[in-house]
Each structure stands twice: as C-alpha cells, then as structure tokens.
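Q: This is the structure alone, sequence omitted:
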C-alpha cells in the first residue's frame, strides 16, 4: 500500500492498490434513498464500516446520511482517491469532467447504457475515456457494479449482495465481466462460508481491464486463490503470462469463460480449423499455465473456496472413497463419477482390513454403505473408515453425501477434524434442503466447506484434480534434433505433396510417393515403390479427397492401378495437377495431428483420434506450441482412444514415435508463426511399438509472405 501512496502523491496515475483500498471516496449521485444506486452505495459504505472519508455529492442536499454533502466533486475539501458515479448517462460526461478537474484519482462508473447500448452510447464512452486520460484519471467500468474489498472494509458497490452481514475477509480474489453475476457469486459464496479478499466488476473495460486487476491479485498478499468470469480478453498474451505468474506464486486460478460455441466451424477448410476454435485455444492455454476452466460460475467459487479451506488434493488421477448411511445416495454418487472424469479408488488390503471390523466381507467395497455395519451406522465406525481411507495411497479424497437421518449436525461435526488430521480433502454434501440447515451451521462453525448438490461437489473434485495436474511448471521444451528450415512454398492451399515436404522438413516420416501424369507413369512408379500402393488425385481446390472420389487404396497390381487411374482422372477438374502414387502404409492405430495459428494466443498444436471421423468423435487434446516429447505423450495419453494405442489385444502402437512427431509439428508451428494458417496430418499411422510412425496424408494452408 505505501508504494501506491507514494505514486499517487507524485502525480502518477492512481495505482490499483489505492483504487481498491482508497482513503477517501466521493459518491456522485448520493442519496438517502436506498432504492437508488447512489443511496445504496452510501448505505453499504457505512454498513460495512468503510474506514476512510465518505464525500456525498448531491447539489440539492446539505447532508446525506448525516454526512456533509457537496454540490460537485470539485467542491469537496480534498481531492478524493475514488469517485463512484451512479448518475444517468446523460449526466455522466459532465460529472466525469468535474471529477477530472477536482483531481480525483479514479472513477468507478456504475452508469450503464454506454458502449453496450449502441453507437450513441459508444461515442459517449469514448468521450468520457478521453476526459479521464487527459487528466491521468483511471476508470473502472462503465456499466459495472464496482469493487468489493472485505480486507480493507471498502465496499465500493451498489450490489444487493452487500445486504448480507459479516463479510469476513478471506483469500478468494475475483474479477468478473458481469456485475450482476459477481454479486450473485458473492452472496452464494457467503452462504457456503467462503470468504473473499478483493473482487472487482470490470464492466465495459473502457480503461482498466480484467488483466489489470488479475495482475494485482497475482501479487496481492491477501489473495490466495483467484476466480475469473470472462467474456472476452483485451490482451490474451498478457493474460497467459499472468496465469503463469499465478502458478509461480502458488495461487490456483479457476475460470468460467462465456461463449463456448464455435459458429462457422462447419465451413472450416480443415479438421484443424474446425476443432481448434477460439474456446478450445483459450482452454488449452489455461491448462498449459495450470489454470482450471469450469462450466458453472457457482461451482467455480466453491472450487476456489475448497482449494483454500480443505487439505490439498494429493495428486492428479487418484480415486474417490464415497461413504454414507444410504445405499441409494452412495450408488448414485458413484454412478455420476465417470461423467465428471473421476473414478472410485482401489482399496488397499490394509483399508479392507479396517472395514472388515465393521461390516460383512460381502459389503467391503466402494462406495461404502454404513447401513451395512454389524451394529448399524455409528460415528465411531464412520470415523475409523474415513481414517483408513485417508491413509490409503489410492484415495485422493473422501466424499460423504449425507441423507436425512437423526443428529445430522452431530454427524457432520465429526468430519472436519478427520479431514484435517488425514491431510486429504473431504467433501460433505448436504442435499436435504432446509432440514439439513443445522448441519450447515455446524460446518460454518467449524470453518469447513459444504455442498448442497452432488453435482457441485463432483465439479469441484474434478477441478481440484485438474489443478493438481497443473501445479508443477513443466521444463521448457527443447527443439528436437534433425529439424531443417521449412522449404520455400507458395501462399494459399498447398497440395498434399507440398504439405508433406513441409512436415518432412522437421523430421517427420512421410510415405514415399511419386507424381504422375499418365497410367504408364503410375505403373512405373508403383513398380519402383512396390505394391500395394495408393493412388490419389491432386487438386488445390479439393479439401477432402476421399469425399470427392479421388483416393484408391490397396492397389495390388498393374491392372488395378490402371483402372483406378482412369476413374480418378475422370473425376479431376480442370485445375487438377495430376495424380500421385504412394506406398500403402499399415500399422496398429491412427492419429490425427494438427497445427494452427490462433489469432489471440499464437501457434497451437492438436492431437486426436485419426481417420475420417475425427470431427465426429471430437477426441482431441490441444496445447500451445511448442511442446516437448514428454508433454506430447501426456496429450496422447489423455485421449479417449489411448487404451487402443496401448494395445487392447497385446499389440501396443508406437506412442513414443507419435509423441516425437507431435513435438516436431509443434516446433514447426512455433517457428512458422502467423505464416502457418493451418495444417493437418491425417492419418498419422502408428506402427507397432518401437517401429515408428508415418504421415500418410497432409494438408496445409500458408499465408502469403509479405514483400519488403
């Protein structure tokens, strides 16, 4: 804070630390009426004990809420650090100009109907921004709900969430591009006992943006976990760097991103362009930097809270141990695990031995129904089983979905000490509605998280498991040996042969092939390569050759090749470039590899299940390029098709060669940069383990090189 004070006093723009925790606040549009925005702002500043000076601004009142009022900000006895503007849009420009003249450090503009409302509002927003910049005055908003700072008791907001009492400070920092949603999440989190540090609604981001406040939270000592609701990014590269900074600082970041659908994907030229949409790239970058992308904003807040108040998730990929007094609740809980990417733990023998003291051998399995205990459900038996789970090396967390039963509060109170002593997270779910309120009170008293819905608990478990996978910072990838400079190629869509020359330059194996213009040349090429062969028509205008009837596979003699050449030639258009004869490659499995230059985040690489159904299966993993062979292998192992690659019938495919190929492709994408618009290798055929992989087909589009 002291650094911020010095900066403010030397005439520099007010730093974010002082905007979030100001010494003095002017409320422009202040009122005694809490039904008005300005009235609520004054009310909440007083209600939550703002320690600084409050300066109500209203030309028609001498006092407001017992405080001296002033007709305008420039009439206040001192320039306030922050002015909160809750005035009609028609009055906004004049009020911002007055704040600028008064030497206000920053304006929090609650006023809406600006850029979000159309051209006239956008023009007003630009004028307001120009005034602020001319005075070196910062803006939060407009169209925002302000700042919520329990640490410094600075509730600079009109949100009805501030009707809640006792917002004790905690470690969750939040930035939201929706003000109403932020208020909802604050109230929801408060109900569950979550505690916040500093939360900001950024609105239209005319000046200060989400990235600016994220930057502050990354270095803020009071913030230990971060939640972000994002609709769009102003500076994606900076955003990625800040996520990396949060991981380096040991702060987990949980994100909900609006706008997941990918309009226009059906018109994409390649599989890569179809699969690597804006949201997929965003999610891949977040994953690469250890942040967790979730679907539900409320679950996001619960995940940030659980990350702070529960023992840490031990390691990614561990199983769960559900235990409850209802067979129905435990079974349905277990049934929901696969849909959330989770699994039941595999009990160790020592764990089974403990459970054998309480239940018949026939009932020793997960999930555990304590109703099967010899003497019925008991607190002692529940506690001893949980201790055994906490010691089991395959158990990542214990889940207790409690149903209605006698003394729910007493049973709930047993759980927090067991979790803290065991050192693993324990997820308590009380979904019984109002009758479970006493157990919720018990959890709040123990400062321990609880969940009202099983789905919320499972979403949080999945998030913490992903966070555990992303905790460690991977070493920087090293450029593979044997990569040559990319060949000189034209801009636009490449032929398959040109695309293969491109991928071959980085050391990726490709099928042998010969370009031919006649049946005689085709036969000569096949005899040189060796039957069986593949014949393909070559045309830059054709995206999917198989769909156009331009591919013939497994041709085993001259007659078959001549017939195929006649058929394919008849289907080629006037812009065709002849045919190619290729070796017929075979292997154990097929993968799809792709690369693209994302306009926001730069080069990206993809891997997925190969073949003609790649877009239908949607079994794809994406990452920012470049990646190491180790990272590439982890991407491949994360695919749903991974068990097939491992060899369901005892014939594992060469996933090591596939990982090397993916790494090389990622380096090609990184080094070509914006020139590589998109590239597919489909399929990459994986031979048996130790025998390599080979690119059978490739397609690419290059941007035209700019002339000096």
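A: In hand now; what should we look at? Small disclaimer: the values here were computed from a predicted structure and weren't measured. Numbering: from 1, shown residues only.
Q: So what does residue 451 look like in phi/psi?
A: phi -130, psi 140 (degrees, to the nearest 10).
Q: is it true that it touches residue 426?
A: No. The criterion here is Cβ atoms under 8 Å, and residue 451 misses it with residue 426 at 11.2 Å. Just so you know, the C-beta spots here come from the backbone N, C-alpha and C atoms, and that holds for glycine as well.
Q: Would you enumerate the residues in contact with the residue nearest to residue 490 when sequence neighbours are not counted?
A: Nearest residue to residue 490 in three dimensions, chain neighbours excluded: residue 702, at 7.3 Å (Cβ to Cβ, 6 or more residues apart in numbering). Shown in contact with residue 702 (Cβ atoms under 8 Å, 6 or more residues apart in numbering): 489-492, 494, 672, 675-677.
Q: ok, which stretches of the stretch 151-300 of the chain are helices?
A: Ranges of helices in the stretch 151-300 of the chain, per DSSP state H, counting those that start in this stretch, are 179-191, 210-219, 236-248, 271-275, 278-288, 297-309.
Q: And the strands in the stretch 101-250 of the chain, which stretches?
A: 106-109, 138-140, 146-149, 154-156, 169-176, 196-201, 225-230 (DSSP state E, counting those that start in this stretch).
Q: ranking these by burial, who's on top?
A: Ranked by mean neighbour count, the strands of the stretch 101-250 of the chain are led by strand 106-109 with a mean of 31 (mean count of other Cβ atoms under 10 Å).
Q: what bridges to the residue nearest to residue 490?
A: Applying DSSP bridges to residue 702 gives these bridge partners: residue 492, residue 676.
Q: quick one on the thing from earlier: mind putting the contacts of residue 702 in JSON lines, neighbour count included?
A: Below are these laid out as JSON lines (neighbours: other Cβ atoms under 10 Å):
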{"residue": "489", "neighbour count": "17"}
{"residue": "490", "neighbour count": "12"}
{"residue": "491", "neighbour count": "13"}
{"residue": "492", "neighbour count": "12"}
{"residue": "494", "neighbour count": "20"}
{"residue": "672", "neighbour count": "21"}
{"residue": "675", "neighbour count": "17"}
{"residue": "676", "neighbour count": "22"}
{"residue": "677", "neighbour count": "20"}
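Q: Nearest to residue 636 among the residues you listed?
A: Minimum distance to residue 636 across those is 21.4 Å, recorded for residue 676 (Cβ to Cβ).
Q: my read: that closest one touches residue 595, true?
A: Yes. Counting by Cβ under 8 Å, residue 676 does reach residue 595; the two are 6.1 Å apart.
Q: Mutual contacts of those two, please.
A: Common neighbours of residue 676 and residue 595, using Cβ under 8 Å, 6+ apart, are 603, 668-669.
Q: Just send those residues back as CSV, with neighbour count too.
A: Output for these, formatted as CSV (neighbours: other Cβ under 10 Å):
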residue, neighbour count
603, 21
668, 25
669, 27
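Q: so of the residues you listed, which ones are in helices?
A: Here DSSP state H is the test, and the shared contacts of residue 676 and residue 595 give 668-669 as lying in helices.
Q: Doesn't residue 651 lie inside a helix?
A: No. Counting by DSSP: H, G, I helix; E, B strand; the rest coil, residue 651 is not part of a helix but coil.
Q: How about it: what's its closest non-neighbour residue?
A: For residue 651, ignoring the flanking residues on the chain, the nearest one in space by Cβ to Cβ, 6+ apart is residue 588 at 5.5 Å.
Q: mind checking pLDDT for that neighbour?
A: Residue 588 is assigned a pLDDT of 90 by the prediction.
Q: do the same with the one 4 residues further on
A: Model confidence at residue 592, given as pLDDT, is 93.
Q: for the most centrally placed residue in the chain, what are its contacts?
A: Nearest to the geometric centre of the chain sits residue 293, at 2.5 Å (Cα atoms, centre = their mean). Applying Cβ under 8 Å, 6+ apart to residue 293 gives the contacts 255-257, 282-283, 286-287.
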